[in-house]
Every structure is written in C-alpha cells, then in structure tokens.
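> Here's my sequence, what's the structure:
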Amino acid sequence: MSARGVESEEQQKIRFQVELEFVQCFANPNYLHFLAQRGYFKDPAFVNYIKYLQYWKEPAYAKYLKYPMCLHFLDLLQYEHFRKEIVNGQCARFIDDQQILHWQHYTRKRVRLLQNQADKHMMNIQNEPTPQKSV
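Below is the predicted model of the structure:
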C-alpha cells in the first residue's frame with residue numbers, strides 16, 4: 001500500500017491472484033480440515049476475512065473460479081457449527097467422499113445428455129428433405 005493507504009495497480013493484481021487461489025482452496029474439504037485443526041476458524045479476524053471473501057460469489061468475480069464448489073464451502077464456513085464440525089476427520093472424509101460421488105454422477109449424466117443431443121441432431125439431419133435441383 002502506498003503512504004495514502006491506496007493499493008497500486010500491481011498490488012491490486014497480486015491481492016486478486018492470492019485471494020482467488022485461497023478461496024478456491026475451500027473446495028478441498030481436507031484443506032478446511034487442516035485449517036480447523038490448527039485453530040484458524042476460532043480466530044475472529046480469520047472468520048471476518050472469510051466473510052469478506054464472499055464477494056467471490058458475485059458473477060464479475062465468480063467467472064474466474066476453476067472450482068466453483070468452493071463457493072458452497074465459502075457459504076458453509078459462515079456457520080460456526082460447520083467450522084466446529086470440519087475439525088473432525090470423519091466429517092472431512094465424508095464430505096470429500098460425497099464430493100467425489102457428485103463429480104462421478106455429474107460426469108456420467110453429462111455424457112448421457114451430450115450423447116442424446118448428438119443422436120437427436122443426427123436424426124434431424126437424416127430426416128431433412130434434400131433440396132431438389134430445378135431444371
């Protein structure tokens with residue numbers, strides 16, 4: 001920060017990159033468990049920082065996320081009960097397992113959906129009348 005307390009363009013860029021990377025780490029339940037074990041979620045300043053990071057839910061910022069699941073965990077981290085439960089290794093493993101199952105199901109469902117669309121498209125092409133040449 002400059003003497004006036006205003007960030008330079010370069011500082012803003014670095015802060016954006018750091019916060020982008022950090023908020024995306026929330027998509028990993030094992031990382032949340034790591035933070036909880038070390039007591040970060042008991043620190044009011046850290047909890048405040050998590051509240052501040054909610055701006056990533058705005059479309060102007062969310063479009064930069066590679067792991068949008070982090071936004072769901074960002075929401076959950078707003079609740080003290082979740083912050084207390086994630087310290088439990090079984091809880092983190094359960095969430096991790098559920099996340100993997102979700103991705104597997106989503107991938108299979110997405111492949112089926114795309115295949116159905118491709119099949120319909122091919123049938124439409126085959127059923128189109130061919131243009132006749134005028135003599």
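
> quick one, longest helix in this structure?
Scanning the chain for the longest helix, with DSSP state H as the assignment, gives helix 89-127.

> and the helix or strand that contains Lys84, what's its mean pLDDT?
Element membership for Lys84, per DSSP states H and E: helix 80-85. Throughout helix 80-85, pLDDT has a mean value of 93.

> got a list of contacts for it?
36, 41, 47, 76-77, 91 (CB atoms under 8 Å, 6 or more residues apart in numbering). Yep, even glycine has a C-beta here, placed from its N, CA and C like the rest.

> quick revisit: elements contacting the longest helix of the chain?
helix 29-37 (3 or more CB pairs under 8 Å, 6 or more residues apart in numbering; DSSP states H and E).

> Quick check: buried residues in the very next helix or strand once past the helix it packs on?
Once helix 29-37 ends, the next helix or strand along the chain (criterion: DSSP H and E) is helix 44-52. Neighbour counts over helix 44-52 (16 or more other CB atoms under 10 Å) mark 47, 50 as buried.

> measure Cys91 to Glu9 for me?
42 Å (CB to CB, to the nearest Å).

> no no, Phe82
In terms of CB to CB, Phe82 sits 36 Å off from Glu9.

> Can you pick out the residue with more neighbours from those two?
Per other CB atoms under 10 Å, whichever of Phe82 and Glu9 has more neighbours is Phe82, with 17 against 7.
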